[in-house]
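*Asks:* return a 3D structure for these sequence lines:
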Amino acid sequence: MALDAGKKAPNFKAFTDTGDEIEFSKLSGKWVVLYFYPKDNTSGCTKEACDFRDNLKRITSTGAVVLGVSPDSVKSHDGFKDKYNLNFNLVSDSDKSICKTYDVLGEKSMYGKKYIGVIRTTYIIDDKGVIKYVDPKVSVDGHVDDIIDKLKELKKK
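*Replies:* Got it, this is the predicted structure:
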């Protein structure tokens with residue numbers, strides 16, 4: 001599960017909540033917090049997104065940008081972003097190709113049924129496109145603070 005630190009982050013092209021296309025390689029020169037989450041408007045995902053929103057200035061002060069990725073549609077992302085006043089882009093991965101490339105899909109269970117879904121995972125990628133840190137099994141509480149601390153630590157090196 002999840003790609004290893006030290007590897008080049010795979011490129012992708014996808015649409016964001018605004019309907020604009022984003023190409024990951026065009027973010028070269030910026031640090032990126034790339035976080036994968038299962039579904040818009042669910043309790044854990046909403047809490048995580050709002051925590052990124054509330055701490056975005058702390059993250060951007062390190063020179064990083066935040067991108068959230070889930071299999072939801074552009075329309076769903078637009079509504080989610082509007083409902084919670086999210087101040088960063090959400091990337092639609094409706095065919096799960098980005099999730100597959102970043103190896104964040106895995107077996108999950110709900111109400112006794114097993115299925116393949118997004119495992120909450122966060123990557124920190126440096127300005128040269130190299131994965132510097134991976135949190136492959138995110139616990140929402142305290143996660144954004146941990147990411148900010150890790151960003152600061154990595155940027156000192």
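*Asks:* please count neighbours and contacts with C-alpha atoms only from this point.
*Replies:* Will do.
*Asks:* element containing Tyr123, please.
*Replies:* Under the criterion of DSSP states H and E, Tyr123 resides in strand 121-125.
*Asks:* can you pull up the most central residue in the chain?
*Replies:* In the chain, the residue lying closest to the centroid (C-alpha atoms, centre = their mean) is Tyr35, at 1.5 Å.
*Asks:* mind giving me the packing neighbours of the least confident helix or strand in the chain by mean pLDDT?
*Replies:* Within the chain, no helix or strand scores below strand 105-110, which has a mean of 87 by mean pLDDT, DSSP states H and E. Packing contacts for strand 105-110, counted by 3 or more C-alpha pairs under 8 Å, 6 or more residues apart in numbering; DSSP states H and E, involve strand 113-118.
*Asks:* from the chain's centroid, how far away is the strand it packs on?
*Replies:* Offset of strand 113-118 from its chain centre (C-alpha atoms, centre = their mean, to the nearest Å): 19 Å.
*Asks:* for His77, which non-adjacent residue is closest in space?
*Replies:* Asp17 (5.0 Å; C-alpha to C-alpha, 6 or more residues apart in numbering).
*Asks:* number of nearby residues for that neighbour?
*Replies:* For Asp17, the neighbour count with other C-alpha atoms under 10 Å is 22.
*Asks:* quick check: longest helix of this structure.
*Replies:* Taking DSSP state H as the assignment, the helix of the chain that covers the most residues is helix 143-156.
*Asks:* for that helix, name the packing helices and strands.
*Replies:* helix 43-54, helix 56-60.
*Asks:* pull out the buried positions in the longest one.
*Replies:* Which is helix 43-54. Within helix 43-54, the residues scored as buried using 16 or more other C-alpha atoms under 10 Å are Gly44, Cys45, Thr46, Glu48, Ala49, Cys50, Asp51, Phe52, Arg53.
*Asks:* report the rounded mean pLDDT for it.
*Replies:* Helix 43-54 comes out with an average pLDDT of 97.
*Asks:* and that helix, what does it pack onto?
*Replies:* By 3+ C-alpha pairs under 8 Å, 6+ apart, helix 43-54 packs against helix 143-156.
*Asks:* ok, now with 10 Å
*Replies:* strand 31-36, helix 56-60, strand 64-70, helix 74-83, helix 143-156 (3 or more C-alpha pairs under 10 Å, 6 or more residues apart in numbering; DSSP states H and E).
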